[in-house]
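[1] dropping a prediction and its sequence here:
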Amino acid sequence: MGSEIGYRRGMALVVAGAVLWSLMGLAIRLMGDAGTWQVLFYRSLGLVPVLFLVILHRSGGQPLSRIHAAGWPALIGGTGLVFAFAGAIFAIQAAPVANAVFLFAAAPLMTAVLAWLLLGEPVRRATWGAIAIAAVGVFVMVREGLALGAGAGNIAALLSAAGFAAFTVTLRWGRLADMLPAVFIGGLLSVLVAAAVIVLGGESFALPPRAIAIALLMGTLLLGLGMASYTAGSRSVPAAEIGILSLVEVMLAPLWVWLFLNEGASAGTFAGGAVLLGAIALNALTGMRHRPPPVTA
């Protein structure tokens, strides 16, 4: 009975994280004309303290030792997150939110290919089929994006997905069970990189107070607490089921901007997105074998 409760709670936590992440596109839209690096800087400033407090709690008061123990894999993975975070922000700013989030969803399939190439992990036949189907959906969406003048945003979305895939593969390479130290390092690097780009580019840190507040809220609540909820829930839910539950983010993100900002997307975008999501769902469903073993801790 206890494991069943843990499983259901885990599902709820994963979905809660996905719902929080789904609001990211709307929040970035509400920031107005803020630049990509400004958004990244202030959002990361909000993210870092939240993750540190979560790591502090989970490590029994030894956060620095937990972060240090993550080692080089966390540092390399955190670097991948800088590309993932910056690419995602630019993609949402330069393309319809629906385009961006549908293309972000390709990350698990990219992870499978990278893990095969770099770590020698076998790829299931069904996954290769899903990758082939997903490629069709990506092609339709990128072609549609070029027609709409959002080609750069679509490419940035794919680069963001690739950055997150690289982050995931790095965690597997380092055999890190807890991703939060790596995300924390990624947040710190994002603050430093964004600040450096702003200074060297002669840009300004100045933004309207409302925009800064939204960015900090994104970091603390949407990204920080969303990540904490997702990682906590993922401990009692099989990876394949997490893949399905995570699609909640992709489904809701276009809905929020449509409800609050009346932002839609083309028929081609939704057609390509449907093909891509179908491929991801197929891969996750064929990967399901059984529920997790009883939780003992």
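    Looks like it came in fine.
[2] any stretches of this structure with poor pLDDT?
    Scanning the chain for pLDDT under 70 picks out 1-5, 145-150, 239-240, 288-297.
[3] can you give me the helices in it?
    Secondary structure of the chain (DSSP state H): helices at 2-22, 24-30, 36-58, 63-94, 97-104, 107-119, 125-147, 151-173, 180-200, 209-217, 226-234, 239-245, 247-261, 267-286.
[4] most packed of the ones you listed?
    Greatest average neighbour count among the helices of the chain goes to helix 97-104 (a mean of 28), per mean count of other Cβ atoms under 10 Å. (Each C-beta comes from the backbone N, C-alpha and C, glycine too.)
[5] which residues touch it?
    Residues outside helix 97-104 that contact it (Cβ atoms under 8 Å, 6 or more residues apart in numbering): 22, 25-26, 29, 88, 91-92, 137-138, 141-142, 144-145, 150, 153-154, 157-158, 160-161, 164, 249-250, 253-254, 256-257, 263-265, 269-270, 272-273, 276-277.
[6] start to end distance for stretch 98-118?
    31 Å (Cα to Cα, to the nearest Å).
[7] now swap in stretch 118-125 and tell me
    With Cα to Cα as the measure, stretch 118-125 spans 18 Å from end to end.
[8] and what of stretch 118-128?
    16 Å.
[9] what's it in contact with?
    With contact meaning Cβ under 8 Å, 6+ apart, stretch 118-128 is reached by L109, A112, V113, A115, W116, V169, R172, W173, L282, N283, T286, G287.
[10] any idea which of the residues you listed is the one closest to M11?
    When those are compared for distance to M11 (Cβ to Cβ), G287 wins out at 16.3 Å.
[11] surely that closest one is in contact with I244?
    No: using Cβ atoms under 8 Å, G287 is not in contact with I244; the gap is 9.6 Å.
[12] let's have the contacts of stretch 118-128 in TSV, adding distance to M11.
    Output for the contacts of stretch 118-128, formatted as TSV (distance: Cβ to Cβ, whole Å):
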residue	distance to M11
L109	22
A112	23
V113	28
A115	25
W116	29
V169	25
R172	23
W173	28
L282	20
N283	19
T286	20
G287	16
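[13] what's the spacing between I280 and S59?
    From I280 across to S59, the span is 33 Å (Cβ to Cβ, to the nearest Å).
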